[in-house]
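> using only what follows, build the 3D model:
(one chain, ligands or ions: 1)
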Amino acid sequence: MDKIIEKITAMGVIPVVAIENAADAVRLGDALIEGGLPCAEITFRTAAAASAIRTLCNSHPGILVGAGTVLTKSDAEIAVDAGASFVVTPGFDGGLVDWCLDKSVPVIPGVMTPTDINAAINKKLKVLKFFPAEAAGGIKTLKAISGPYGSIKFVPTGGITLGNLEDYLSLPNVVACGGSWLVKKDQISSGEFDTIETLVREAVQLVDHIRGK
Ligand code: 3PG
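Sure, this is the predicted structure:
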């Protein structure tokens, strides 16, 4: 778990990807590598999610591949079987989290309220997805919950763009941000991998700038 969190923290940004055709994962992997961000959260929002995870893991073993929008334990099982190194969920599901912990699968469950955060603390989790970040109060909420939940770190996702990334990453309780702005479903299906590479590179440059690199 700690190793994956370290890698995610180092990258600062997780591209949230919905992919319709698993074969496109190969060129997506090339674009991520070329853009300098070897990481993808492949969401279970399309039927191709599991095969896209498998394809990307096989074609680019150096990329950190996670599964997103994991809603059930069965999706988590399918994702891990396909090669996912970590699981991200939009909401907090104690049973799903238990399954991941039991199998030593790193899990970043979604939380939106103090009640959710408490449930995660009871599972001894320290890094949580804050979703939907912008709609749930964004920076203001993250600052407010840093008081009672000082030891918890977040991966805000939902409404993050290049325009507000710096505000989020500057918060001490934010380790990285997730976002779909880097890789759009339509860009993948229409083969706009150069655009994806450019968006990824821009994000990497901004993260480096924020972190004084
Ligand atoms: C997610 O699945 O994590 C979010 O829907 C991504 O949110 P975004 O599309 O606003 O980046």
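
> how many neighbouring residues does Thr113 have?
Using other Cβ atoms under 10 Å, Thr113 has 12 neighbouring residues. No exception for glycine: its C-beta is placed from N, CA and C like everyone else's.

> same thing with Asp208?
When neighbours are counted by other Cβ under 10 Å, Asp208 registers 12.

> state the distance from it to the ligand.
To the ligand, Asp208 is 21 Å away according to Cβ to the nearest ligand atom, to the nearest Å.

> any idea which element that residue lies in?
helix 193-210 (DSSP states H and E).

> only C-alpha atoms, please: export that helix in CSV.
Extracted in CSV, the C-alpha atoms of helix 193-210 (Å, rounded to 0.1, in the frame of the first residue of the first chain):
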residue,chain,number,x,y,z
PHE,A,193,-2.8,10.5,-28.8
ASP,A,194,-0.7,13.5,-29.6
THR,A,195,-3.2,15.7,-27.8
ILE,A,196,-3.2,13.3,-24.8
GLU,A,197,0.5,13.4,-24.7
THR,A,198,0.5,17.2,-24.8
LEU,A,199,-2.1,17.4,-22.0
VAL,A,200,-0.1,14.9,-19.9
ARG,A,201,3.1,16.8,-20.4
GLU,A,202,1.5,20.1,-19.4
ALA,A,203,0.2,18.5,-16.2
VAL,A,204,3.7,17.0,-15.4
GLN,A,205,5.3,20.4,-16.0
LEU,A,206,2.8,22.1,-13.7
VAL,A,207,3.4,19.5,-11.0
ASP,A,208,7.1,20.0,-11.3
HIS,A,209,6.7,23.8,-11.1
ILE,A,210,4.4,23.5,-8.0
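
> check contacts around whichever residue of the chain sits closest to the ligand.
The minimum distance from the chain to the ligand, using Cβ to the nearest ligand atom, falls at Ser180 (3.4 Å). Residues in contact with Ser180, defined by Cβ atoms under 8 Å, 6 or more residues apart in numbering, are 15-18.

> ok, and which of those residues reach the ligand?
Filtering the contacts of Ser180 for proximity to the ligand (criterion: Cβ under 6 Å from any ligand atom) leaves Val16.

> measure Thr9 to Glu134 for me?
Per Cβ to Cβ, to the nearest Å, Thr9 is found 21 Å from Glu134.

> pick out whichever of these two has more residues nearby.
Glu134 (17 against 14).

> pLDDT wise, what is the residue lying closest to Lys185 once chain neighbours are set aside at?
Nearest in space to Lys185, with sequence neighbours left out and distances taken as Cβ to Cβ, 6 or more residues apart in numbering, is Ala18 at 4.6 Å. Among the per-residue scores, Ala18 holds a pLDDT of 97.

> looks to me like Asp167 is in a helix.
Yes. With DSSP: H, G, I helix; E, B strand; the rest coil as the criterion, Asp167 is assigned to a helix.

> in contact with it, which residues?
Contacts of Asp167 by Cβ under 8 Å, 6+ apart are Ile139.

> among the contacts of Ser180, which pair sits farthest apart?
For the contacts of Ser180, the farthest-apart pair by Cβ to Cβ is Pro15 and Ala18; their separation is 10.7 Å.

> between the two, which has more neighbouring residues?
Pro15 (25 against 21).
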